[in-house]
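**Student:** Provided below for reference: sequence and predicted model.
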Amino acid sequence: MKSLRIFLVLLVVPLLVIGQQRTKDDKRFEEIKAQKVAFITSKLDLSPAEAQEFWPVYNEYSQKKEDIHKERFGQKRKAKPLDVDQLSDEEAARILDEMVADQEKMAAIEKEYSLRFRKLLPVKKVLKLYEAEMEFKKMLLDRIKDHRPERGRP
């Protein structure tokens, strides 16, 4: 049953992306999202009823977190690297305030959706969700780390 769900997720998600012109990075990001869905699905072992209620809420949660991340880090990519020693105290204070505000927004999202997930799933599955997210991030970071030296090789 689990294998069938994973297969269906891996089959359906890429089909949603077909036909749209996307950059290479966008395609990679969509592939990672599909892998994350399959990973979480396998870890939580959701029933069909649970999955039907869970995924729309989880997608909302992920989008809100992604929006904050893009807002915070998207602007920094466009700007030149930050030289802290060259900042005035006022500029440094503003940047720190923005960082704290972003962390507060993220914490509010975590709190709101933790409560929402608990209404949809048994509390142990909610805990497994957070563990699965951390495990998936670690797996991605390990994969990136393993491939970095190969970039410079012919």
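**Tutor:** Received it, and whenever you're ready, just let me know what you need.
**Student:** Tell me which helix or strand in the chain has the weakest average pLDDT.
**Tutor:** helix 2-17 (a mean of 51; mean pLDDT, DSSP states H and E).
**Student:** I'd like the average pLDDT over the next helix or strand after it.
**Tutor:** The element immediately downstream of helix 2-17 (helix or strand, assigned by DSSP states H and E) is helix 24-44. Mean per-residue pLDDT for helix 24-44: 88.
**Student:** Can you name the element that comes right after helix 24-44?
**Tutor:** Taking DSSP H and E, what comes next after helix 24-44 is helix 48-78.
**Student:** I'd like the average pLDDT over that next one.
**Tutor:** Averaged across helix 48-78, pLDDT comes to 86.
**Student:** Could you pull out the buried residues of that helix?
**Tutor:** Buried positions in helix 48-78, judged by neighbour count with 16 or more other C-beta atoms under 10 Å: A51, F54, W55, Y58, Y61, S62, K64, I68, R72. C-beta: built from backbone N, CA, C; applies to glycine.
**Student:** Could you name the helices and strands sitting against the host helix or strand of K145?
**Tutor:** In this structure, K145 sits in helix 123-151 according to DSSP H and E. The contact analysis (3 or more C-beta pairs under 8 Å, 6 or more residues apart in numbering; DSSP states H and E) places helix 123-151 against helix 24-44, helix 89-120.
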